[in-house]
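Visitor: Fold the following.
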Amino acid sequence: MSLSTAGVVRTLLKKHAIRCACLGTVFNLPMAKITLLEDLSMVAMSAVMIGASLLHAGVAR
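Guide: Just a heads-up that it's a prediction; the model follows:
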C-alpha cells in the first residue's frame, strides 16, 4: 500500500484526473484526497498489525 500511496500523491500533485480504481468504474469517482487518506489508513493499520504480531511473538518467548 505504501507504493500505491506514492502513486496517489504523485497523481494528486500533477492534478491528473483519473478515476479511482476501487469504485471509480461503478460510480465515476475521481481520485482525490480521500483516496490518499484511505491508502495511508491502510498502511497505518498494517503497521499496527505487524507491531502487535511482533509484540505478541516477543511475549510468547
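
Visitor: Residue 8 and residue 42, how far apart?
Guide: Per Cβ to Cβ, to the nearest Å, residue 8 is found 11 Å from residue 42. Backbone N, C-alpha and C define where each C-beta goes, glycine included.

Visitor: neighbour count winner among those two?
Guide: Between residue 8 and residue 42, residue 8 has the larger neighbour count (other Cβ atoms under 10 Å), namely 23 against 14.

Visitor: The more buried one contacts residue 37, doesn't it?
Guide: No. Using Cβ atoms under 8 Å as the test, residue 8 is too far from residue 37 to be in contact (9.6 Å).

Visitor: need the longest helix for this structure.
Guide: As assigned by DSSP state H, the longest helix anywhere in the chain is helix 33-60.

Visitor: Please name every helix or strand in contact with that helix.
Guide: Where contact means 3 or more Cβ pairs under 8 Å, 6 or more residues apart in numbering; DSSP states H and E, helix 33-60 is packed against helix 2-14.

Visitor: can you list contacts of the helix it packs on?
Guide: With Cβ atoms under 8 Å, 6 or more residues apart in numbering as the test, helix 2-14 has contacts from 18, 31-33, 35-36, 39-40, 43.

Visitor: Which one (most neighbours) among the residues you listed?
Guide: Neighbour max across those (other Cβ under 10 Å) = residue 35, 23 neighbours.
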